[in-house]
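Student: Let me see the structure of the following:
(chains A and B)
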Amino acid sequence: MFNSRNLFATLLIAACACSASAQGQKGTEFPGIGRAATPKEVAAWDIDVRPDFKGLPPGKGSVAQGQDIWEARCASCHGVFGESNTVFNPLVGGTTKDDVKTGRVATLTRTDYPGRTTLMKVPTVSTLWDYIHRAMPWDKPKSLKPDEVYAVTAFLLNLGHIVPDDFTLSNQNIAEVQDKMPNRKGMSTAHAMWPGKELGGTTKPDALGSACMNNCGPEPKIASRLPEHARNNHGNLREQQRTVGPQRGSDTTKPEGALGAAAGPVKVVGPAGGAASPNAAAIALTQKHACTACHNVEGKLVGPSFVDIGKKHAGKADYLAGKIKAGGVGVWGEIPMPPQELPDADAKAIAAWLAAGAGK
Amino acid sequence: MQSWISQGRLIKAPENFIGPAGVRAVFAEAKRGRRDFIRGAFAAALAGGAATQAAAQGEGDPAILKLPAHSTGLGQPVVTDGYGRPSKYEGNVQRRPSPGLTQTSQASVSFAPLQSLFGIVTPSGLHFERHHQGWWDIDPAQHRFMVNGMVKTPKVFTMDEVMRLPSVSRFCFIECGANTGMEWGNVAVPTVQYSHGMLSCSEFTGVPLITLLEMAGADLKGGKFVLAEGADGSSMTRTIPMSLVTSGEVLVAYGQNGEMLRPENGYPLRLVVPGVQGVSWVKYLRRVEVGDQPWGAKDEAVHYIDLMPDGTHRQYTSIQECKSVITTPSGGQVLLEKGFYNINGLAWSGRGKIKKVDVSVDGGRNWRAARLETPVLDKCLTRFSLDWVWDGKPAIVQSRATDDTGHVQPSSRQLREVRGTRSIYHNNAVQSWLVQENGEVKNVQLS
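Tutor: Next comes the predicted model:
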């Protein structure tokens, strides 16, 4: 016989049991999956450094030590004075001693200043330390020891006139240095584009459009368009559009045509998939041994392009294999190529590919 | 003659397209009544325009009348290609870098060919790429995922273990914070691929990050933030608010469009943070740390900060705001002829669903509400379209999206009034394409 009182009591007990077990089991309902990390494992990966310097390992390094490391490991990409714009944006420039006092970089209000350097923007020295430690040098990330990171950071700060020439940066004084960062007061978090309430932001977007549907605004006037000489800057757009459908791509190797001229045949630039090229193995080796950190196949990077090397030393595979292993200076410019540690067979394979013209 | 044939697709034969010998042969054959030969001569002389030319002759289209090899021969066997690939005729549809944008090819970006996509899903092989120190194809058997920081027990998971947990699949867009960044001041690139192509949309499959945090006994109250960290050379780090994690939105994903992630997109594990710029979707994800303060990582303190006219930077700008763009017709295209077109494009908002998209063909003076194609999903691309009969006169086509928070996408003038022109990130202005009388479509900005 149906007993509503008993049923209610049963349900109540069941409900309590459920919620209690849900509370107790949060995170434990997947037995056999995952294990505790050992302290050494956590230490191996937990390398982040926060603006309050949580995570910063002890150590120290001087401006002078930093200069030596800089010239050996950093200058080829960033320039001797951190000012180079060849490979990456300049790190140094655009800040003044006044900025160090005020904590605001005055140059940032100038519309005539060409670009923004790292030191013009970064508000926290922890950020520099963390990034150099985790991701630099470019071709060998995480190879700098903490003392070397302190030294390189000190040198970079010295280039920006934030610390003096005889300065030694350490975990003891890094917080004082943070109080000298030129743009330390230049950041705002009071906006609507952080997806939480933690940073004191707002919820209302600042740039609002209009919902007007008819007779909105003045007659349109074109203020900006690509100049005609830039027509083919992105390659032939004809070959970047599907060959079937409501339109074709503009043939940007030619002047504009009349309506209907687009309907002719379109060159398909290549199979969508395609077999690996015979040069793929050599190209993969240049990747594997980080040659591509400094060399492009075409176009100069830090060093000459592979194609240019191939032209200059066509057929000289043995010479090139030797150069790869021994390094060199003065052949292509001021930046030396350091000796490379790689198996002889790999050096020979890369050299043979270069000597044959470095095809793709 | 059918009216559509006369609409302009028909191309007039060039003068002297058959040489004197050909003409003599054609007439000789015609005298003998062999009209097939005439058709053949036309077809040989005019590779592209022959079809409609012959149709105009009244005979019919050789593409119909002459049965091709694929109708009269034996095709390829099954499984010629175990992981199939697109038609060879689709070779022009590729992701591409923008020349001169970066000096190195490892810290670079490729743009998705938005002009050639349908619906809302980006094929995995066309998904845009952004690498900070080159991409890797990581052995999943060697990949580990760690949770540490403000947790009871720091935990380590193998890929096998992550994939044993209950999973969810969700469609969402991913957009680089710098998408359209080259266009803050003026027109800089020709096509929608380069102006808006750091945008893709996939079905992502993975485990809600909250599940993994709870397994480690995370302090969800004191731990207001999490740090996500990658395993590649750059070991990208980004701060994410715990509120997004506890909502269940943030995924530790391994699946994309029914297959595993592609190496260029983080194989075997990446973070998925719907509505937030791509840099926070950390690839090759190796670690999540729970903490009580934001980290001020390089890409939170040097890049992905927005310069305001007063010289201050906005930090931790993460949400991709309401935005849309027309992909057909769009820059670098040539319309074949006058007549009917289905204007269409994509709309999205990092704050929620797309509520409405308006389209203008007169540079923003008058607007019509576009059709929204289903599905219309939260923090996902929405395809829209509008009927348009082009009369052959110059037209400026624009789209303007509104999301379900009521945020209307601003014009570039409205955006610049607040944020100036010197920023790089988060340009969500209305895009203008000029359709010229000759059918060419140009990227333009209006005053």
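Student: all contacts plus neighbour counts: C-alpha atoms, from now on.
Tutor: OK.
Student: if we look at the sheet, which residues does residue B:443 bridge to?
Tutor: Residue B:443 has these beta-bridge partners by DSSP bridges: residue B:433.
Student: Check the gap between it and residue B:118 for me.
Tutor: Separation of residue B:443 from residue B:118 (CA to CA, to the nearest Å): 21 Å.
Student: do the same with residue A:193
Tutor: 29 Å.
Student: the more surrounded of these two?
Tutor: Higher neighbour count among residue A:193 and residue B:118: residue A:193, with 25 against 14, using other CA atoms under 10 Å in any protein chain shown.
Student: So the more buried one lies in a helix, does it not?
Tutor: No - under DSSP: H, G, I helix; E, B strand; the rest coil, residue A:193 falls outside any helix and is assigned coil.
Student: Contacts only, for it.
Tutor: Listed by CA atoms under 8 Å, 6 or more residues apart in numbering or on different chains, the contact partners of residue A:193 are A:201, A:203, A:205, B:316-321.
Student: do residue A:45 as well
Tutor: Applying CA under 8 Å, 6+ apart, the residues contacting residue A:45 are residue B:287.
Student: Can you check what pLDDT the model gives it?
Tutor: Per-residue pLDDT puts residue A:45 at 97.
Student: And for residue B:325, the neighbour number?
Tutor: 29.
Student: give the contact list for it.
Tutor: Counted by CA under 8 Å, 6+ apart, residue B:325 has contacts B:196, B:345-347, B:398-400, B:430-431.
Student: And residue A:36, by the same measure?
Tutor: B:153-156.
Student: Bridged to it, which residues?
Tutor: residue B:155.
Student: Can you give me the end-to-end span of stretch B:155-171?
Tutor: 29 Å.
Student: re earlier: flag the least confident of the contacts of residue A:193.
Tutor: Among the contacts of residue A:193, residue A:203 has the lowest pLDDT, at 87.
Student: Just the helices from chain A, written as ranges.
Tutor: A:4-25, A:39-45, A:63-69, A:75-78, A:97-102, A:118-121, A:125-135, A:146-159, A:174-178, A:280-288, A:306-312, A:317-326, A:344-355 (DSSP state H).
Student: Residue ranges in the chain under the pLDDT threshold?
Tutor: Using chain A here. The model of chain A has pLDDT under 70 over residues A:1-25, A:271-276, A:334.
Student: meant chain B actually
Tutor: Using pLDDT under 70, chain B drops low at B:1-57.
Student: Run through the helices of chain B in chain order.
Tutor: B:20-31, B:35-45, B:50-56, B:62-65, B:69-72, B:159-164, B:192-196, B:209-215, B:242-246, B:298-301, B:412-419.
Student: Now for residue B:332, how many residues are close by?
Tutor: Residue B:332: 28 neighbours (other CA under 10 Å).
Student: Spit out the contact partners of it.
Tutor: Residue B:332 touches A:237-238, A:249-250, B:190-191, B:440-443, counting by CA under 8 Å, 6+ apart.
Student: ok, now residue A:327?
Tutor: A:336-340.
Student: got a winner among the residues you listed for most neighbours?
Tutor: residue A:337 (21 neighbours).
Student: Was I right to think it contacts residue A:325?
Tutor: No - with contact defined as CA atoms under 8 Å, residue A:337 does not reach residue A:325; the gap is 10.0 Å.
Student: what sits against the closest residue to residue A:204 other than its chain neighbours?
Tutor: Distance criterion CA to CA, 6 or more residues apart in numbering or on different chains; nearest residue to residue A:204, sequence neighbours excluded, is residue A:192 at 5.9 Å. Residues in contact with residue A:192 (CA under 8 Å, 6+ apart) are A:201-206, B:317.
Student: export the residues you listed to TSV and tack on distance to residue A:229 and neighbour count?
Tutor: Shown next, in TSV, are the contacts of residue A:192 (distance: CA to CA, whole Å; neighbours: other CA atoms under 10 Å in any protein chain shown):
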residue	distance to residue A:229	neighbour count
A:201	45	16
A:202	45	16
A:203	44	14
A:204	42	12
A:205	39	13
A:206	37	16
B:317	36	24
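Student: Which pair of the residues you listed spans the longest distance?
Tutor: A:204 and B:317 (13.6 Å; CA to CA).
Student: Tell me if stretch A:49-59 is near chain B.
Tutor: Yes - judged by CA under 8 Å from any CA of the partner chain, stretch A:49-59 comes into contact with chain B at A:49-51.
Student: And the residue of the stretch 1-150 of chain B that's closest to chain A?
Tutor: Residue of the stretch 1-150 of chain B nearest chain A, by CA to the nearest CA: residue B:91 (4.3 Å).
Student: And for that residue, the neighbour number?
Tutor: There are 21 residues near residue B:91, going by other CA under 10 Å.
Student: just checking, it touches residue A:267?
Tutor: No - under the criterion of CA under 8 Å, residue B:91 is not in contact with residue A:267, lying 9.4 Å apart.
Student: The closest residue to residue A:171 other than its chain neighbours and chain B: what is the separation?
Tutor: Residue nearest to residue A:171 in three dimensions, not counting chain neighbours: residue A:58, with 5.4 Å by CA to CA, 6+ apart. Separation of residue A:58 from chain B (CA to the nearest CA, to the nearest Å): 19 Å.
Student: Run through the residues that contact residue A:58.
Tutor: Contacts of residue A:58 (CA under 8 Å, 6+ apart): A:146, A:170-171.
Student: what's the neighbour count on the residue of the stretch 201-350 of chain A found nearest chain B?
Tutor: As assessed by CA to the nearest CA, chain B sits closest to residue A:209 within the stretch 201-350 of chain A, at 3.6 Å. Residues within reach of residue A:209, counting by other CA under 10 Å, total 21.
Student: do residue B:62 as well
Tutor: By other CA under 10 Å, 18 other residues sit near residue B:62.
Student: cool, residue A:44 as well?
Tutor: Residue A:44 has 9 neighbouring residues, counting by other CA under 10 Å.
Student: check contacts around the residue lying closest to residue B:313 once chain neighbours are set aside.
Tutor: Distances taken as CA to CA, 6+ apart place residue B:307 nearest to residue B:313, at 4.5 Å, with adjacent residues excluded. Each residue near residue B:307 by CA under 8 Å, 6+ apart is listed here: B:313-314, B:419, B:422-424.
Student: I'd like these laid out as a markdown table, including neighbour count.
Tutor: Formatted as a markdown table, the contacts of residue B:307 follow (neighbours: other CA atoms under 10 Å in any protein chain shown):
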| residue | neighbour count |
| --- | --- |
| B:313 | 24 |
| B:314 | 21 |
| B:419 | 19 |
| B:422 | 18 |
| B:423 | 22 |
| B:424 | 20 |
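Student: Go through those and flag which are in strands.
Tutor: In this view, the contacts of residue B:307 that belong to strands under DSSP state E are B:313-314.
Student: Pull the most distant pair out of the contacts of residue B:307.
Tutor: Top of the distance list for the contacts of residue B:307 (CA to CA): B:314 and B:422, 12.7 Å.
Student: Quick check: neighbours shared by those two?
Tutor: What both residue B:314 and residue B:422 touch, as defined by CA under 8 Å, 6+ apart, is the set B:307-308.
Student: For residue B:152, which non-adjacent residue is closest in space?
Tutor: residue B:217 (4.8 Å).
Student: How about the contacts made by the closest residue to residue B:145 other than its chain neighbours?
Tutor: Nearest residue to residue B:145, sequence neighbours excluded (CA to CA, 6+ apart): residue B:286, at 4.6 Å. Residue B:286 makes contacts with B:143-146, B:228-231, B:269, as judged by CA under 8 Å, 6+ apart.
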